[in-house]
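Q: sequence-free structure coming up:
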């Protein structure tokens, strides 16, 4: 039987995606993943029950963000659900502040608990509907230089949610299936990158990260 993925093994697996992932980031990411999978037995945070598949579909898929070359200072993960990919962004960029936003209270409380267990101090979980966030908390308007989302909705919908929250010149980064549409323009955003990559077994598949930049005007 293959040994469960530890931090050293995650660093090897992540090398094609995130060669600069620090050891401490790998350790915190796996602690978070394990805490999330444990809570998943009581609250539905992910349909992925197998730990090694979760390493691929959550940790590695999130770490592919490193391929964008972006270095965010203030990042927002919309509809974060189980915390990914935002937690991976936090693991990659320890000096960035990462906000994990979801409208479901029990999910927010769960991922907040997992953040504490994992020792991830640069990410916070907040209960807010992204569509209402700019009106309810005006300090969030144009507050983020990076907005991420995975499996939240079509790019057009996510861009509409992200636009009031993204500062001019900031980026919208979406994780997509290989055959998903990624328009050149989404409202005030213009696509700048379309990155294709292959996830390994035991959950092999092709994925895409699409990046749009908000106009500075």
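A: Nice, thanks for sending it over. Nothing here was measured: the structure is a model prediction, and the numbers come from that model. Numbers count the residues shown, from 1 in each chain.
Q: going forward, measure contacts and count neighbours with C-alpha atoms only.
A: Noted.
Q: Just the strands from the chain, written as ranges.
A: 74-78, 97-102, 123-127, 144-150, 166-177, 185-186, 189-199, 205-214 (DSSP state E).
Q: so what pLDDT did the residue nearest the centre of the chain get?
A: Central residue of the chain (CA atoms, centre = their mean): residue 85, 1.7 Å from the mean position. Residue 85 is assigned a predicted lDDT (pLDDT) of 97.
Q: Return the set of buried residues in the top helix by length along the chain.
A: Of all the segments of type helix in the chain, defined by DSSP state H, the longest one is helix 23-39. Neighbour counts over helix 23-39 (16 or more other CA atoms under 10 Å) mark 25-37, 39 as buried.
Q: per-residue confidence averaged over it?
A: 96.
Q: Distance from it to the middle of the chain?
A: In terms of CA atoms, centre = their mean, to the nearest Å, the centre of helix 23-39 is set 14 Å apart from its chain centre.
Q: For that helix, name the packing helices and strands.
A: Counting contacts by 3 or more CA pairs under 8 Å, 6 or more residues apart in numbering; DSSP states H and E, helix 23-39 packs against helix 7-14, helix 51-54, helix 86-92, helix 105-118.
Q: out of the ones you listed, nearest to residue 76?
A: helix 86-92 (7.3 Å; CA to CA).
Q: Can you name the residues in contact with the closest one?
A: The contact list for helix 86-92, computed with CA atoms under 8 Å, 6 or more residues apart in numbering, reads 20-22, 25-26, 28-29, 59, 62-63, 65-66, 75-77, 80, 96-100, 120, 122-123, 148.
Q: now stretch 208-217
A: 64-65, 68, 163, 166-178, 182, 185-186, 188-197.
Q: Put the buried members of the residues you listed into a PyMOL selection.
A: In PyMOL syntax, the buried subset of the contacts of stretch 208-217 is picked out as below (16+ other CA under 10 Å):
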select buried, resi 64+65+68+163+166+167+168+170+171+172+173+174+175+176+182+186+189+190+191+193+195+197
